[in-house]
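[1] My questions concern the predicted model and sequence given below.
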Amino acid sequence: MTTRAPTVDSARRRLRGETGVTSTEIAIVMPVMLIAVMLVFQVALFWHAKQAADTAAEEAVDAAQVATATDAEGYAGADTILSQAGNLRDVQVSVTRDLASGVVTATVTGRAPSIIPFGSWSVSAQAQGSIERFIPADER
């Protein structure tokens, strides 16, 4: 029994039914790959925005909890951090000094930048601390 090497014509006939398969595979796989890569960057942007909001809220509390401070100093503290972070959009800051309970509360909300066309990436952070007070030495 002798075996013959396949001819070029028989190889062409066998592959003729697979014309364009590679293009179809790329058309299906590439969008999925692009979205996966973009999702990694989107999560990083969200994480950075969340860290900026947390830091701004903590800085607002630190600035507003001094005994002689005001709410405006808390807003200024948050604004200092947010102006340096630069990746939060539609930021809203709320600072409340409740003298009756002796507590300062700061809330920072905003949106992280979005590179993926669907979904909203809202960020919120809250910090709380007690208002410092002076206690004379004879009362300690």
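    Alright, I've got the coordinates. Numbers count the residues shown, from 1 in each chain.

[2] Tell me what Ala125 is bridged to.
    Judged by DSSP bridges, the bridge partners of Ala125 are Val108.

[3] what about it, distance to Pro136?
    Between Ala125 and Pro136 the distance is 36 Å, computed by Cβ to Cβ, to the nearest Å. From N, CA and C alone the C-beta is placed, and that goes for glycine too.

[4] tell me which element Ala78 falls in.
    Taking DSSP states H and E as the criterion, Ala78 maps to helix 71-85.

[5] err, Ala69, not the other one
    If you go by DSSP H and E, Ala69 is not part of any helix or strand.

[6] so it touches Val61, yeah?
    No: using Cβ atoms under 8 Å, Ala69 makes no contact with Val61, being 10.2 Å away.

[7] So for these two, which residue has more residues nearby?
    Val61 (24 against 19; other Cβ atoms under 10 Å).

[8] which residues touch the more buried one?
    Contacts here follow Cβ atoms under 8 Å, 6 or more residues apart in numbering; on that basis Val61 touches 74, 95, 104-106, 127-129.

[9] show me where this protein has strands.
    89-98, 103-111, 122-130 (DSSP state E).

[10] Please produce JSON lines containing those strands, extended by distance to Pro31, mean neighbour count and mean pLDDT.
    Below are the strands of the chain laid out as JSON lines (distance: least, Cβ to Cβ, whole Å; neighbours: other Cβ atoms under 10 Å; pLDDT from 0 to 100):
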{"stretch": "strand 89-98", "distance to Pro31": "26", "mean neighbour count": "15", "mean pLDDT": "94"}
{"stretch": "strand 103-111", "distance to Pro31": "25", "mean neighbour count": "21", "mean pLDDT": "96"}
{"stretch": "strand 122-130", "distance to Pro31": "26", "mean neighbour count": "16", "mean pLDDT": "95"}
